[in-house]
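S.K.: next come a sequence and a model predicted from it.
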Amino acid sequence: MALRKILIYPDSFLRKKCEPVEEIDGDLLELLDDMADTMYAAPGVGLAAPQVGVDKRIIVVDVLPRGEKDGELDSEEDDEVEEEYDRRGLIELINPEIVFSEGEIIGEEGCLSIPGFLSDVKRKGVITVEGYNREGEPVGYEAEELFSRVFQHEIDHLDGVLFIDRLGRLKRELLLRKIEKALGKEQKKYAVL
Ligand code: CO
């Protein structure tokens, strides 16, 4: 298990337009493993490569609820079950593209790169996403609700787009002010040290 550092807004790397993956090699498979580990550890329901400082078009997603694993699992055998359960809903997608969309949904959204801030975001309703798995085989998903929202959020990251960019002007300005205030406090804290 290897965790990578999640870049935090306003890191300029988060604004990069990522390059399509041309070849699946050992480094790329390691990146996929690390991205899943990092997402689960955060914990989050999705992560895009630029969030860990890699400008490649790769996302990982897992929207399955994880509450059940907190039961009475304590023997070594059960730990394995827990590990398996954790990755049950894992989707790794290389060069993902939204090829169809219909309708609209509005729901609360946050981002591991903008920790502590949530806002209602308007997204496409039902979507079809296509891409490649780690074997290089073409795969596709039809998604709605949270699943659809997470795909759109993560694919936005590959184009340097953050959920705050999807807000109306007033909402965005209010949220940005709050974020900057929080960042200012952080900077002050460091300045004292
Ligand atoms: Co995000």
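M.R.: Received, thanks.

S.K.: what is the helix or strand where Lys185 lies packed up against?
M.R.: Element membership of Lys185 [criterion: DSSP states H and E] is helix 169-192. Counting by 3 or more CB pairs under 8 Å, 6 or more residues apart in numbering; DSSP states H and E, the packing neighbours recorded for helix 169-192 are strand 119-132. Quick note: C-beta positions are derived from backbone N, CA and C, even for glycine.

S.K.: the strand it packs on packs against which elements?
M.R.: Using 3+ CB pairs under 8 Å, 6+ apart, strand 119-132 sits against strand 91-109, strand 138-143, helix 145-157, helix 169-192.

S.K.: residues in contact with the shortest one?
M.R.: What it means is strand 138-143. Outside strand 138-143, the residues that touch it by CB atoms under 8 Å, 6 or more residues apart in numbering are 91, 93, 99, 126-133, 147, 151.

S.K.: so how far is Thr128 from Gly107?
M.R.: According to CB to CB, to the nearest Å, Gly107 and Thr128 sit 19 Å apart.

S.K.: oh, that last question was meant for Arg177, not what I typed.
M.R.: Distance from Arg177 to Thr128, by CB to CB: 37 Å.

S.K.: neighbour count: those two, which is higher?
M.R.: Thr128 (16 against 10; other CB atoms under 10 Å).

S.K.: spatially central residue in this structure, please.
M.R.: Nearest to the geometric centre of the chain sits Leu47, at 2.5 Å (CA atoms, centre = their mean).

S.K.: confirm it sits in a strand?
M.R.: Yes: assessed by DSSP: H, G, I helix; E, B strand; the rest coil, Leu47 belongs to a strand.

S.K.: need the helices and strands packed on strand 119-132 in TSV (columns: distance to Leu118).
M.R.: Output for the helices and strands packed on strand 119-132, formatted as TSV (distance: least, CB to CB, whole Å):
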stretch	distance to Leu118
strand 91-109	5
strand 138-143	21
helix 145-157	12
helix 169-192	9
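
S.K.: so which of these is nearest Val54?
M.R.: Of all these, helix 145-157 sits nearest to Val54, with 11.2 Å by CB to CB.

S.K.: could you check the angle strand 91-109 makes with the closest one?
M.R.: Counting by axes from the mean of the first three to the mean of the last three CA atoms, to 10 degrees, helix 145-157 points 110 degrees away from the direction of strand 91-109.

S.K.: which elements pack onto helix 145-157?
M.R.: If contacts are counted by 3+ CB pairs under 8 Å, 6+ apart, helix 145-157 sits against strand 46-48, strand 58-61, strand 91-109, strand 119-132, strand 138-143.

S.K.: and of those, who's closest to Ile155?
M.R.: Among these, strand 91-109 sits nearest to Ile155 (CB to CB), with 5.5 Å.

S.K.: now do Asp165 against Glu137, distance only.
M.R.: Using CB to CB, Asp165 is found at 32 Å from Glu137.

S.K.: apologies, that question was intended for Lys122.
M.R.: The gap separating Lys122 from Glu137 is 33 Å, by CB to CB.

S.K.: thank you, goodbye.
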